[in-house]
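Undergrad: Sharing a model that was predicted from the sequence below.
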Amino acid sequence: MLLAMGTTGWLIAIGVIVLLWVIVTFNAFVRLGNKVDEGFSGVDVQLKRRHDLVPNLVRVVKGYAKHEKETLEGVIEARNQAQAADKIEDRSERESTLAGSLGKLFALVEQYPDLKADKNFRKLQEDLVEIEDALQYARRYYNGTVRDYNTRIQRFPANVLAGLIGRKDREFFQLEDDAERHAPAVSLDS
């Protein structure tokens, strides 16, 4: 029976196999691309939560540390720049700057024992630690989906189809500074 198919039959069979492979591979690109988008959405939610927390932190610190205007303005400026970033690589860089500014803010707090004891400030610190933990998990998920997506579009022969339809590698959400790889040091001791 296989020998009786003829050249036309073989070409049709090969064409159907190639078409099925293209459909399955394209759908895999779509599925993985959607997972990457979902992963970044999770990161974005946590970044928004952190951005929303910053003005409250600055407001509470400002009440105690009135002459530390430069540090407080630096935190607000870093927050505003982080919110304005559109591209993932820009967001990564600006979020690192914001995390550094928050680190300076918490170093400043060490000089004000009354502030460290303030109930509102302690609650904001706890919220920040929670947000940083959630952000770490969201980044990990996002970067895992980016890894899977990039691996899929880079492997042969899928890379040929990816090139033909314009699929490109996605950027990882990376921190610029190794010191930023950890949540800001927050002490809840009075």
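TA: Sure, I can see it. Numbering: from 1, shown residues only.
Undergrad: Distance check, Ser96 against Trp21.
TA: With distances taken as CB to CB, to the nearest Å, Ser96 is found 42 Å from Trp21. Every C-beta, even on glycine, is put in place using the N, C-alpha and C of the backbone.
Undergrad: which of the two has more neighbours?
TA: A count of neighbours by other CB atoms under 10 Å puts Ser96 above the other of Ser96 and Trp21, at 19 against 13.
Undergrad: Would you mind identifying the next helix or strand past the helix or strand of the chain with the lowest mean pLDDT?
TA: Least confident helix or strand of the chain, by mean pLDDT, DSSP states H and E, is helix 113-117 with a mean of 76. Note on helix 113-117: by DSSP states H and E, the next helix or strand toward the C-terminus is helix 119-154.
Undergrad: Mind listing what's buried along stretch 10-23?
TA: For stretch 10-23, a neighbour-count test (16 or more other CB atoms under 10 Å) marks nothing as buried.
Undergrad: Likewise for stretch 105-116?
TA: Under 16+ other CB under 10 Å, the buried positions of stretch 105-116 are 105-106, 108-109, 115-116.
Undergrad: what helices or strands is the least confident helix or strand of the chain leaning on?
TA: Here helix 113-117 touches helix 6-64, going by 3 or more CB pairs under 8 Å, 6 or more residues apart in numbering; DSSP states H and E.
Undergrad: distance between the helix it packs on and the chain's centre?
TA: Mean-position distance between helix 6-64 and its chain equals 12 Å (CA atoms, centre = their mean, to the nearest Å).
Undergrad: by how many degrees do that helix and helix 119-154 diverge?
TA: 160 degrees (axes from the mean of the first three to the mean of the last three CA atoms, to 10 degrees).
Undergrad: any idea of the mean pLDDT for helix 6-64?
TA: Average pLDDT, helix 6-64: 90.
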